[in-house]
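# 3D model of this:
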Amino acid sequence: MESLDSTLYLSNDDLFLFARGEWYRSYEKMGAHPAVTDDGTHGYHFAVWAPDVRSVHVIGDFNGWDETATPLYPTETGGIWQGFVAGIEEGALYKYLIECNDGRKLYKADPYGFYAEKVPGTASRTFDLDGYAWKDAHYLEQRSHRDMFAEPLNIFEVHLGSWRRHGDEPQGEPREDGTYPGPGDPFPAQRGVVYSYDDLADELVEYVKEMGYSHIEIMPVNEHPFDGSWGYQPTGYYAATSRYGNPRQFMHFIDACHEAGIGVIFDWVCGGFCANAEGLANFNGGMLYEHKIHPNWNTHQFHYGRGEVRSFLVSNALFWANLFHADGIRMDGVSSMLYMNFGIDDPGQKRFNEKGTEEDLDASAFIRQTNSVMGKEHPDVMMIAEESTAWPLVTYPPEDGGLGFHFKWDMGWMNDTLHYMQTDFPWRPGNYRMLTFSSMYQFNENFILPLSHDEVVNGKCSLITRMPGDYWRQFAGMRTLAFYQMMHPGGKLNFMGNEIAQFIEWRYYEGIQYFLSEQYDTHRHQQRFIRHLNRFYNEHPTLWQRAFDSEGFEWIDADNADQSIISFIRRGDDPKEDLVILINFDVNAREDFRMGVPEWGVYEEVFNTDNERFGGSGVLNTGKLKCQDEPWNGREQSIVVRVPPLGGMILKRTGTLRRPAKKTDGGAAAKKPAAKKADEKDVKPAAKATAKKAAPKKAAEKKPAAKKATPAKGKSEKKPAAKK
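Now for the predicted structure:
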């Protein structure tokens with residue numbers, strides 16, 4: 001072997017840690033790295049894990065794909081093949097030719113490859129990741145001092161290939177009849193040309209900044225062969241997809257986000273990978289990275305019991321944080337990892353662990369390991385779980401028996417809320433508990449409320465087409481849904497297109513129909529509403545300072561099912577900034593509606609979804625709303641307001657008011673409650689629907705999660721749900 005002036009050849013310590021599952025920077029030597037020998041020869045050093053095979057060669061355009069020209073050599077232990085190849089330049093195409101013991105030849109892309117050939121090509125490309133000069137040092141310094149549980153968390157989920165496109169002309173060759181495959185075809189024609197990372201650094205960043213989101217969650221990140229998988233069936237875990245440019249361009253996109261103060265969350269698929277021959281599947285002729293095939297998705301599921309696989313995956317999470325400055329990692333499909341029988345209905349095929357239960361102990365240990373290592377190296381990088389079951393303590397520290405995530409998607413809130421919103425108005429009173437049930441468990445975990453891509457695909461319809469009624473009611477329903485999500489405790493996530501109320505489902509092969517907001521008032525009003533709602537959220541710390549703390553929320557009325565109205569209080573660090581929220585999910589406006597308020601004084605309306613500039617009907621509360629000495633909703637005082645139709649409003653106490661002296665007769669209060677007005681006859685004065693829970697420990701006291709180690713209760717989903 002040639003002698004290198006670097007230390008790319010693997011040491012015994014490297015091999016030991018790799019096998020133990022604790023080589024957390026394995027990407028620094030595995031894969032292809034530029035190198036120079038002692039005599040000044042430039043080239044690349046290659047290293048690949050392929051145990052129990054006859055030989056491994058590097059083939060590529062640099063050697064004419066000659067299958068015998070460039071052999072690699074095995075380490076004494078560990079099954080890693082490595083070697084230096086002179087004369088290779090950056091951007092060279094290559095694969096590993098693996099000769100199995102039975103004589104079969106496998107042509108594999110590099111599992112640690114940093115750059116990939118653009119689809120439909122399947123080779124890896126050599127690339128030097130050290131060539132980008134980051135400009136976000138100040139942003140990262142600020143991030144390190146933030147409390148992620150007490151700052152805005154309003155995420156815009158984006159599929160980079162279909163946010164916007166250049167034009168909308170069909171790409172590729174037409175069929176014999178001159179038409180192109182469309183929505184009903186298994187492989188629709190791509191329409192328009194995708195944006196590059198550089199385009200996105202300019203236009204997407206500007207749009208997200210203007211709309212007021214705090215973070216972008218991007219899908220896909222990893223290289224993947226099939227556009228229709230949306231990146232969820234990867235082949236290249238260390239390669240940002242080349243569809244939109246090279247890795248340095250991807251770094252520039254993230255840098256531009258940080259310059260604008262926008263965090264970037266990576267959608268990370270560590271549950272399984274695609275079955276394509278060039279990928280990780282059957283890498284040495286048998287199951288190596290995997291141990292089973294998913295029964296629903298036909299993906300290969302990682303073997304978390306193998307130390308080499310854990311080194312590969314934990315290193316990958318750190319890779320995106322270390323080299324690409326990721327602000328968060330959203331772990332996809334956690335439920336499919338945690339349960340051995342996820343997706344298996346036949347009792348005869350079910351498997352059980354050594355304790356006789358269905359939990360995958362290796363998978364949960366891997367998850368804890370990943371979150372713990374990330375927490376030690378990057379405590380300011382958010383770890384987020386997409387987990388759809390009642391698995392307890394997801395956002396609790398591993399030392400307390402938790403999985404160690406910072407946040408968990410609240411799939412129960414999403415399902416309940418969307419089922420309620422698509423219920424026609426006369427039947428909503430019967431489904432009222434779908435609105436209020438989340439308060440039974442909303443602080444058991446650190447929840448993010450998602451309205452994600454999964455809800456606007458595969459025949460589920462777009463969000464607006466689920467809303468009952470005519471156009472006015474549908475758009476009012478969209479405003480009410482967004483308002484309820486924003487006022488509810490927890491973080492927020494919305495998929496692109498929701499902010500303009502696009503009527504068609506999301507289609508990965510074409511851009512979002514932003515022309516709707518340019519050509520139609522209804523969609524323009526919806527976009528304006530979301531922009532103003534996001535800004536209101538950003539400007540009012542009350543909505544995010546205690547979003548994961550039971551002290552930040554209190555019901556006023558959670559029992560007004562007959563009128564489909566809920567009301568509650570959001571509290572922050574400053575009691576003077578408390579906000580009173582009322583949301584009407586019925587189409588009828590209410591005049592002279594009495595509601596209890598927490599403090600005596602003068603209130604003003606500071607936000608109303610029914611404002612005409614948002615496309616509403618203009619049922620607003622103008623001027624001062626003075627308290628009346630009329631007990632209501634279990635409060636000592638109340639106010640009378642106008643309630644907008646199918647909308648919500650926010651009130652804030654802005655002034656003081658002298659409380660009138662009570663008249664007494666023999667020491668007893670003589671004043672009786674006033675008779676209710678006709679519009680109020682069904683409104684029941686109610687105490688708070690649920691007792692306030694003990695406040696969880698603050699995030700600063702216990703990281704990565706701000707929760708006490710008590711089992712979560714009251715989840716609305718009890719079984720794993722099929723995903724994609």
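
# In PDB, list the C-alpha atoms belonging to stretch 309-316.
Output of stretch 309-316 as PDB, limited to C-alpha atoms (Å, rounded to 0.1, in the frame of the first residue of the first chain):
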ATOM      1  CA  VAL A 309     -24.800  -0.600  11.600                       C
ATOM      2  CA  ARG A 310     -25.100   1.600  14.700                       C
ATOM      3  CA  SER A 311     -21.700   3.200  13.900                       C
ATOM      4  CA  PHE A 312     -23.000   3.900  10.400                       C
ATOM      5  CA  LEU A 313     -26.300   5.500  11.500                       C
ATOM      6  CA  VAL A 314     -25.200   7.400  14.600                       C
ATOM      7  CA  SER A 315     -22.300   8.800  12.600                       C
ATOM      8  CA  ASN A 316     -24.800   9.800   9.900                       C
END
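
# and it, which residues are buried?
309, 310, 311, 312, 313, 314, 315, 316 (16 or more other C-beta atoms under 10 Å). All C-beta atoms are positioned from the backbone trio N, CA, C, and that covers glycine.

# Which of the residues you listed sits closest to residue 95?
Residue 95 lies nearest to residue 312 out of the buried residues of stretch 309-316, by C-beta to C-beta, at 18.3 Å.

# what's the pLDDT at the closest one?
Per-residue confidence (pLDDT) for residue 312: 98.

# hey, where'd the strands end up in the stretch 351-500 of the chain?
In the stretch 351-500 of the chain, the segments counted as strands under DSSP state E, counting those that start in this stretch are 382-385, 407-409, 447-451, 491-495.

# how about the ones you listed in TSV, adding mean pLDDT and distance to residue 58?
Shown next, in TSV, are those (pLDDT from 0 to 100; distance: least, C-beta to C-beta, whole Å):
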stretch	mean pLDDT	distance to residue 58
strand 382-385	98	36
strand 407-409	98	41
strand 447-451	98	43
strand 491-495	98	41
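
# Can you say which of the ones you listed is packed in most?
The highest average neighbour count among those, using mean count of other C-beta atoms under 10 Å, belongs to strand 382-385 at a mean of 27.

# picking up where we left off before, of the strands of the stretch 351-500 of the chain, give the one that comes closest to residue 331.
strand 382-385 (5.5 Å).

# Tell me the gap between the closest one and the middle of its chain.
Chain-centre distance of strand 382-385: 8 Å, with C-alpha atoms, centre = their mean, to the nearest Å.

# how about the CA coordinates for it, as CSV?
This file holds the C-alpha atoms of strand 382-385, laid out as CSV (Å, rounded to 0.1, in the frame of the first residue of the first chain):
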residue,chain,number,x,y,z
MET,A,382,-33.4,19.3,18.2
MET,A,383,-34.2,15.6,18.0
ILE,A,384,-37.8,15.0,16.9
ALA,A,385,-39.8,11.8,16.8
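
# what's in contact with that strand?
Applying C-beta atoms under 8 Å, 6 or more residues apart in numbering, the external contacts of strand 382-385 come out as 148, 263, 265, 327-331, 334, 370-371, 374-375, 394-395, 403-409, 448, 704.

# how many neighbours does the residue lying closest to residue 378 once chain neighbours are set aside have?
Distance criterion C-beta to C-beta, 6 or more residues apart in numbering; nearest residue to residue 378, sequence neighbours excluded, is residue 321 at 4.8 Å. Using other C-beta atoms under 10 Å, the number of residues around residue 321 comes to 18.

# just the strands in the stretch 551-700 of the chain please.
Under DSSP E, counting those that start in this stretch, the stretch 551-700 of the chain gives strands at 553-560, 565-570, 579-584, 590-597, 602-608, 625-626, 637-643, 647-655, 664-665, 668-669.

# I'd like to check what contacts stretch 416-431. Which residues are they?
Contacts with stretch 416-431, where a contact means C-beta under 8 Å, 6+ apart, come from 434-435, 437-438, 451, 455, 463, 466-469, 477, 480-481, 484-485, 561-562, 564, 585-587, 716.

# Filter these down to the ones in helices?
In helices, defined here by DSSP state H, the members of the contacts of stretch 416-431 are 434, 435, 477, 480, 481, 484, 485.

# For these, could you give me JSON lines that also reports distance to residue 203 and neighbour count?
Converted to JSON lines, the ones in helices among the contacts of stretch 416-431 look like this (distance: C-beta to C-beta, whole Å; neighbours: other C-beta atoms under 10 Å):
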{"residue": "434", "distance to residue 203": "38", "neighbour count": "20"}
{"residue": "435", "distance to residue 203": "37", "neighbour count": "23"}
{"residue": "477", "distance to residue 203": "30", "neighbour count": "24"}
{"residue": "480", "distance to residue 203": "30", "neighbour count": "23"}
{"residue": "481", "distance to residue 203": "27", "neighbour count": "22"}
{"residue": "484", "distance to residue 203": "30", "neighbour count": "21"}
{"residue": "485", "distance to residue 203": "26", "neighbour count": "21"}
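
# so which of those comes closest to residue 300?
residue 485 (35.6 Å).

# I'd say the closest one and residue 449 touch.
Yes. Between residue 485 and residue 449 there is a contact under C-beta atoms under 8 Å: 5.3 Å.

# on that earlier part again, which stretch among the strands of the stretch 351-500 of the chain comes nearest residue 117?
Short answer: strand 491-495, nearest of those by C-beta to C-beta, at 29.4 Å.

# Now do that closest one against strand 447-451: the angle between them, please.
Between strand 491-495 and strand 447-451, the angle comes out at 20 degrees (axes from the mean of the first three to the mean of the last three C-alpha atoms, to 10 degrees).

# where in this structure is pLDDT low?
1-6, 663-724 (pLDDT under 70).

# Excluding chain neighbours, what is closest to residue 577?
Distances taken as C-beta to C-beta, 6+ apart place residue 542 nearest to residue 577, at 4.7 Å, with adjacent residues excluded.

# Run through the residues that contact the one you found.
Per C-beta under 8 Å, 6+ apart, neighbours of residue 542: 552, 570, 571, 572, 574, 577, 578, 579.

# now residue 17, what's its secondary structure?
With DSSP: H, G, I helix; E, B strand; the rest coil as the basis, the three-state label of residue 17 is helix.

# Just the element for the residue lying closest to residue 296 once chain neighbours are set aside, please.
The shortest distance from residue 296 to any non-neighbouring residue, by C-beta to C-beta, 6+ apart, is to residue 343 (4.3 Å). Per DSSP states H and E, residue 343 falls between elements, in no helix or strand.

# number of nearby residues for residue 343?
Residue 343: 15 surrounding residues under other C-beta under 10 Å.

# follow-up on the earlier one: name the residues contacting each of residue 485 and residue 449.
Residues touching both residue 485 and residue 449 (C-beta under 8 Å, 6+ apart) are residue 492.
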